[in-house]
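Student: Using only what follows, build the 3D model:
(one chain, ligands or ions: 1)
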Amino acid sequence: MAALLKQSARLGLSGRHGQVFCRLPWALSFQRYMFNANKKILVEMDKSTGVALMKMANPPVNLLNLETLTEFAISMEKLELDKDCKGLILTSSLSKVFTAGLDIMEMCGKSPEHVTEFWRAVQEMWLKLYGSNLVTIAAINGFSPGAGCLMALACDYRIMADNVKYSIGLNETQLGIVAPFWLVTRELRPSLFS
Ligand SMILES: CCCCC/C=C/C(=O)SCCNC(=O)CCNC(=O)[C@H](O)C(C)(C)COP(=O)(O)OP(=O)(O)OC[C@H]1O[C@@H](n2cnc3c(N)ncnc32)[C@H](O)[C@@H]1OP(=O)(O)O
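Tutor: Here you go, the predicted model:
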């Protein structure tokens, strides 16, 4: 853990008073670019370090709906195509929520076609993170239930803000949601299928 924190400090991440935050000076912008400004997924890429900071910015709780998941997948594709990008820090722009997970309303009273499209986007999000060539770090700076936990698990490293109030876990069965087979076979119980 100490080594991981040192690594994250080198990348510009610090943990203090229950917060994980990033020092990102705005000078030297020629080495830095942003995309998706004013959207739900903000990306700041620092060419001098090769590290991209991706912040979920969908208040009040960073729900992962179809729009956000699609934006996330497109952002990942752009970073994968950037030869200067070596690592990714995934975090939240909100003060106490990493993400509240999947937007339940995307599965409630919707057509089978919509639900299929939504779950395809969920799978795509996981594939993009789990299969990424970048070094991926989840900087979990708040509550992280359900798909928030899934996102964190799909990263290479996870660092969580030191605050006892924040929880993380796979609570989907409490909501009547069964973990999809592609996830169970690859991440949750791989030993059963190897
Ligand atoms: C292994 C398989 C994984 C893949 C399957 C994944 C499934 C999931 O992700 S299911 C979703 C799991 N998430 C939850 O159970 C989160 C429930 N939410 C919370 O616990 C809290 O909202 C919080 C701790 C994240 C934040 O609390 P707080 O700051 O007090 O905010 P509110 O509870 O007042 O929420 C604001 C607003 O957002 C609505 N909301 C919260 N979560 C969801 C959600 N997952 N889907 C849809 N809507 C959600 C909440 O109802 C409030 O709405 P309003 O009352 O209209 O303001």
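
Student: remind me which residues of this structure are low pLDDT?
Tutor: Residue ranges of the chain with pLDDT under 70: 1-30, 37, 188-190, 192-194.

Student: Residues of it that sit close to the ligand?
Tutor: Within the chain, the positions near the ligand by C-beta under 6 Å from any ligand atom are 60-61, 63, 97, 100-105, 143, 145-147, 150, 170-172, 175, 177, 179, 183. The way it works is simple: take the backbone N, C-alpha and C, and place the C-beta from them, glycine included.

Student: which of those residues are buried?
Tutor: Taking 16 or more other C-beta atoms under 10 Å as the criterion, what is buried in the residues of the chain next to the ligand is 61, 63, 97, 100-103, 143, 145-147, 150, 170, 172, 177, 183.

Student: Just give me the closest of these to Gly131.
Tutor: Leu183 (13.1 Å; C-beta to C-beta).

Student: surely the closest one meets Ala147?
Tutor: No - Leu183 lies out of contact with Ala147 (C-beta atoms under 8 Å); the separation is 10.1 Å.

Student: Filter the buried ones among the residues of the chain next to the ligand down to the ones in helices?
Tutor: Ala147, Leu150, Leu183 (DSSP state H).

Student: So which elements touch the longest helix along the chain?
Tutor: Taking DSSP H as the criterion, the chain has its longest helix at helix 112-130. If contacts are counted by 3 or more C-beta pairs under 8 Å, 6 or more residues apart in numbering; DSSP states H and E, helix 112-130 sits against helix 66-81, helix 147-154, helix 181-183.

Student: And the strands in this structure?
Tutor: Ranges of strands within the chain are 13-16, 19-22, 32-35, 41-46, 51-56, 87-92, 135-140, 144-145, 157-160, 168-169, based on DSSP state E.

Student: what lines up beside the fourth one in the sheet?
Tutor: Strand 41-46 has these partner strands in its sheet, going by DSSP bridges: strand 32-35 (antiparallel), strand 51-56 (antiparallel).

Student: Tell me what angle that strand forms with strand 87-92.
Tutor: Angle of strand 41-46 versus strand 87-92, following axes from the mean of the first three to the mean of the last three C-alpha atoms, to 10 degrees, is 140 degrees.

Student: Which residues outside strand 41-46 are in contact with it?
Tutor: 24, 31-36, 51-57, 68, 71-72, 75, 78-79, 82, 84-85, 93 (C-beta atoms under 8 Å, 6 or more residues apart in numbering).
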